[in-house]
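[1] Kindly return the folded structure for what I paste below:
(3 chains)
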Amino acid sequence: MSRIRAFTMPKWGIEMTEGTIAEWMVKEGDSFKRGDTLCLIETAKITNEVEAEYDATVRRIVVAGGEDAEPVGALLAVFDDGSHSDADIAAFVEGFKPAEGGLAQGAGKAKKEPEPEPTIAAPAEVEKRRIKIDTNRPISPEALRLAEEEGVDIAAIEGSGRNGRITHQDVVRALRGPASPRLRGTLAVEEDDLAVLASPLARRIAAMNGIALAGVTGTGARGRISKADVIALMPEPGGGAGVGMPEFRPGENRPEVIPFDRVRKVVAQRLSAAKQEIPHFYLRTSARVDALLEMRKTANLVLGCKASVNDWLVKASAMALTRHPEVNVQVHGQEIHRFPQADVSIAVASPKGLVTPVVRQANRMRIDQLAAETRRLIDKAQGKGLSMEDMEGGTFSVSNLGMFGIENFDAIINPPQGAILAVGTAARVPVETEGGIAFETRISFTLSVDHRAIDGAAGAQFLATLKDLIENPEGMFA
Amino acid sequence: MQLNREALTRAYRQMKLIREFEERLHEEIQTGEIAGFTHLYCGQEAVAVGVCEHLSERDKIVSTHRGHGHCLAKGCDVEGMMKEIWGSQEGLCNGKGGSMHIADIDKGMLGANGIVGAGAPIAVGAALSNKIDGPDENGRLAVSIAFSGDGACNQGTTFEAMNLAVVTKAPAIFVFENNHYSEHTGDAYAVGTSNDIASRAEAFGMKVWRASGVDFFSVYDCMREVLEFVRTPGNGPAAVEFDTERFFGHFEGDPQRYRGKGELDRLRAERDCIKIFRASVTGAKLLEDADLDAIDANALAAIEKAVEESRKAPRPTAENVLENVYISY
Amino acid sequence: MAKLMYRDAIRNTIFQEMQRDERVVVLGEDVVGGMGTAGGPEAIGGIWSTSVGLYEAFGPDRVIDTPISESAIMGAAGGLALAGKRPVAEIMFADFLGVCMDQLWNQIAKFRYMFGGKSICPAVIRMPAGAGYNAAAQHSQMISQFVTNMPGLKVVMPATPADACGLLRQAIRDDDPVVFLEHKFLYAMSGEVPDDPDYCIPFGHARLARAGEDVTIVASGMMVGYAETAADDLAHDGIGCDVIDLRTTSPLDEEAILDSVEVTGRLVIVDEAPPRCNLATDIAALVAGKAFASLKAPVEMVTAPHTPVPFARELEGAYLPSPVKVAAAVRKTLAY
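    You can find the predicted model right below:
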């Protein structure tokens, strides 16, 4: 026997305080499935369909359609699996208390009450609202407090403490999200010279500034030349300043001149042309990927492959393209070339810059075959380099910067293709469920479309199919 | 007895100096002026002196926690030692070592040692060095002596060292001073070979000697034979066990509840190496009581002066903590 | 320059120093090998082949083959050094430090201090250390954390044949006692070694093996190679690493570490020893204390786990740090 569940006024966005049931799509006694539309709810800003998140039966509709606005958290209906008695349901309605701290608290079932007289509250004492986390995982009290206050999903955290205990720093790390530091890269190692003993940094600074170290008296440990000894030999940054910090004087900022190599020349020419000539427009959406991530794990085990999330996205794009051939196109002068198979270009960072090898007929490949092909192309790109053959053609591109923590971005179309999909990072986001908050993983997508060849609706339909495939990934094995 | 008057005088003075040094420390320690652990050599003077009177500075010794006697016998400076035990900056080890770590490398004294049994391997190393250096113009090798007690004879390091010395034919001498107490335990219990340490050394394949350790002449004559053997290139090591007595506890402050009734009085009366020496030399008319009394007074004065100087000597400062860990770092 | 294996660099350096200085002597178990057997002296030449030909050239007085008696070897090295020789003692496996700890820790390391600076003890204790041969818990350990902790000792961990040569020569000529931790797994490593018969690398002078501005990786011994491999892989992704080869863990080149962390703000320390009170924790404390403001992310430590060294290949592989683990730690500190 499953529990009796309350269906309450959802909270969409931080500003929503109340909503109105516009219309119920179900009535008492109806059974519904996950994904069925339950009702329409109006807010000051939008009217939205509310989909069922689980299978159940409607036992009681507490607030009928078309009535006055109800505060967020107010009880709208009661669902169960049909096994409870009417008396149980009545008792549940009677005993229902909105979530603590919610707007519906104290509001009862009825109308808005007059605002209480504002009282002068004692300063501070403003307890941070906490979302209670029930867990039997080892977690330090401070870490738990922080996670509850900040609504951090601890399931995604790997504890770094003893026996996997989650520490305060682990939660801080999770809150920070993946950083994308500005990388400064590698340097040449200055050859060590034991005849003139200098610390590695001293030697580097000396080399950068053309200072000869022979004959310099070191003040470091064991008479070694330190950073400070070399800096002392650098030209004085103008007198005057006196004590304290030396006056800042920018030195010469000489650029390192790197001529375009062959690859970069091609990339520059093609992208400039594309950005100038193609009338881009952009469509954004996001998809829940939890099911996909699960499926990926299972599939990798079953098929013995190492398909990445991106491989799955390429696969889904390819399948969506074959269902929407109006997007699977190249533009050549005044002609649109529409292709039956999806040759998907994938953007790969290589030592030579951005390259876009093509996964041919990706729609026809099983995921393990696709993963093997992308692995081959990536290895080749990062190794001895791709051939023209590897990069020619392509009917669509996928560019993924999710691994760098990019939320979403707009990509430039790779001509003569008609569209490119830009993929952002997978983010754990909280979503409200009845009575609490759950977390799901979402990825956001931006489709850049060539408006000369593809209309908005066609692009939107393609995205809808793509989203459906991603959220219901078993469809990719159909 | 082949010693001349001068040699006898020197031997007696060395023994008396050790005796007065230790008796005085026994008094001073009770006032609380001296810090740390001190183990006194009183009663065993004939061994240290009887052995070291044969040695030159080329010969090395490695001592024990009960090391004051060996140090003095090998020629360490009385005042330097006293100051060290006082913890002075002017001590032989600048106040860094104290009673258990007195050393004077130039004199061939490679250190007293706080770890029972640790000295023997070090002595073998020094013996190997002597072997590399080879014999002198008279064809004799310098030797290296490991002083050990009936406690150290039960340590594995001592066994390892004896075997290594035999295997490498190192000119090492293992001098076992059996004073019958390893700390607070009797040799009848702790030494499994029924009070016989020399037989152990013999089992390792070396030549051994046994002699009384309370009679200076017995020690001295025995060591002449031992050294004759070990200084001869190619012979390798030897061991000798001296039967001796400890007049004080294991350490200063030891209540000695393990002693028999009247034991200490009996030892002091019958087994005191200094009394035995006096009786021998005066009986044989080699030295007069007056000569010996003068030496006694002289030794006492030397100790008195050493204590006075130690009291006045500069103390180390906090900065000195960091010195002498390395030559360069 | 000549191309030599790590083991040959060690053997040749000992040979040259024995030729140069009569006070240099070698002792240890099977350093001659075959003594008292039908095969005769030099039937083996040391189980690591680091003393081949020494006996023939210098004879039994200066190449002392000892019984299996680590305490006697260590103690004799101390005695030889106090008596004016320059012993190079070999403890066949660093793990055997356990049986002769007293002679190193209470004796050799402390002589000079206990004797008020009036003695020198120029002993070199060579100890092949580290895992990689599936030799299990008593023949595979990295012991750098113990000996680095001992005041009075210098501790050397060469990572290349050239460093094995230059650091060993310095160790033999140094007047302080030196523990020379050769990594067993590096013996067959080949590399260019300077021909200069006086080539010495001063102690406390770290080597910068790779230069980069994003993350500092500090390593020693075999871990240096792992760090270099990781740094080279990361360079493909545009991530630049300073790889600091400590060369000596005592004295420690604090300056090289702090200078680098000031630039990168991110530190990964690789240590083959178990994680408690080891070099990694020591350096982490150093950086926390002296470069706190420079840090942009928590210090990452890649170490063996708090377990003995296991036997099976899979287990030993899991026990040891690896280039993959180092690269993951670098990415983790960058992702903070």
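
[2] Going by neighbour count, list what's buried in stretch A:440-449.
    Applying a neighbour-count criterion of 16 or more other CB atoms under 10 Å in any protein chain shown, the buried positions in stretch A:440-449 are A:441, A:442, A:443, A:444, A:445, A:446, A:447, A:448, A:449. The C-beta positions use only the backbone N, C-alpha and C, and glycine is treated the same way.

[3] Relative to chain C, which of those is nearest.
    The shortest approach to chain C among those belongs to residue A:441, at 17.3 Å (CB to the nearest CB).

[4] Mind pulling up the pLDDT for the residue nearest to residue A:130 when sequence neighbours are not counted?
    Leaving out its chain neighbours, the residue that sits closest to residue A:130 by CB to CB, 6 or more residues apart in numbering or on different chains is residue A:148, at 4.2 Å. Confidence at residue A:148, expressed as pLDDT, is 88.

[5] Is residue A:148 in a helix, a strand, or coil?
    Following DSSP: H, G, I helix; E, B strand; the rest coil, the label given to residue A:148 is helix.

[6] Can you tell me, leaving aside adjacent residues, what's nearest to the residue of the stretch 101-250 of chain B at minimum distance from chain A?
    In the stretch 101-250 of chain B, the residue that lies nearest chain A is residue B:105 (26.0 Å; CB to the nearest CB). Taking CB to CB, 6+ apart, and ignoring the residues beside it in sequence, residue B:105 has residue C:119 as its nearest neighbour in space, at 4.7 Å.

[7] helix, strand or coil for that neighbour?
    coil.

[8] Count the neighbours of it for me.
    Using other CB atoms under 10 Å in any protein chain shown as the criterion, residue C:119 is surrounded by 20 other residues.

[9] While we're on it, how confident is the model there?
    At residue C:119 the predicted local distance difference test score is 96.

[10] out of the buried residues of stretch A:440-449, which are inside strands?
    Among these, the members falling in strands are A:441, A:442, A:443, A:444, A:445, A:446, A:447, A:448, A:449 (criterion: DSSP state E).

[11] Residue C:279: which of those residues is nearest?
    Taking CB to CB as the measure, residue C:279 sits nearest to residue A:441 out of these, at 39.4 Å.

[12] domains of chain C?
    The domain map for chain C lists C:2-193, C:207-334, with the assignment taken from automatic domain parsing.

[13] Pipe those domains into JSON lines and attach distance to residue B:20 per row.
    Written out in JSON lines, the entries for those read as follows (distance: least, CB to CB, whole Å):
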{"stretch": "domain C:2-193", "distance to residue B:20": "25"}
{"stretch": "domain C:207-334", "distance to residue B:20": "44"}
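
[14] closest to residue B:290 out of these?
    Of all the domains of chain C, it is domain C:2-193 that lies closest to residue B:290, at 39.8 Å by CB to CB.

[15] Please settle this for me: is residue B:93 part of a strand?
    No: assessed with three-state DSSP, residue B:93 is coil; it does not lie in a strand.

[16] who's in contact with the nearest residue to it once chain neighbours are set aside?
    Taking CB to CB, 6+ apart, and ignoring the residues beside it in sequence, residue B:93 has residue C:116 as its nearest neighbour in space, at 3.4 Å. For residue C:116, the set of contacting residues under the criterion of CB atoms under 8 Å, 6 or more residues apart in numbering or on different chains consists of B:84, B:91, B:92, B:93, B:94, B:95, B:96, B:97, B:324.

[17] From residue C:225, how far out is residue C:179?
    Look at residue C:179 and residue C:225: by CB to CB, to the nearest Å, they are 21 Å apart.

[18] neighbour-wise, which of these two wins?
    Neighbours of residue C:179 and residue C:225, each counted by other CB under 10 Å, are more numerous for residue C:179; the result is 30 against 20.

[19] before we move on, the earlier item: which of the contacts of residue C:116 has the largest number of neighbours?
    Counting neighbours by other CB under 10 Å, the one among those with the most is residue B:84, which has 29 neighbours.

[20] which residues does it contact?
    Here residue B:84 is in contact with B:91, B:92, B:93, B:95, B:97, B:98, B:99, B:102, C:116 (CB under 8 Å, 6+ apart).

[21] ok so, going back, show me which of the buried residues of stretch A:440-449 is closest to chain B.
    Minimum distance to chain B across the buried residues of stretch A:440-449 is 55.0 Å, recorded for residue A:441 (CB to the nearest CB).
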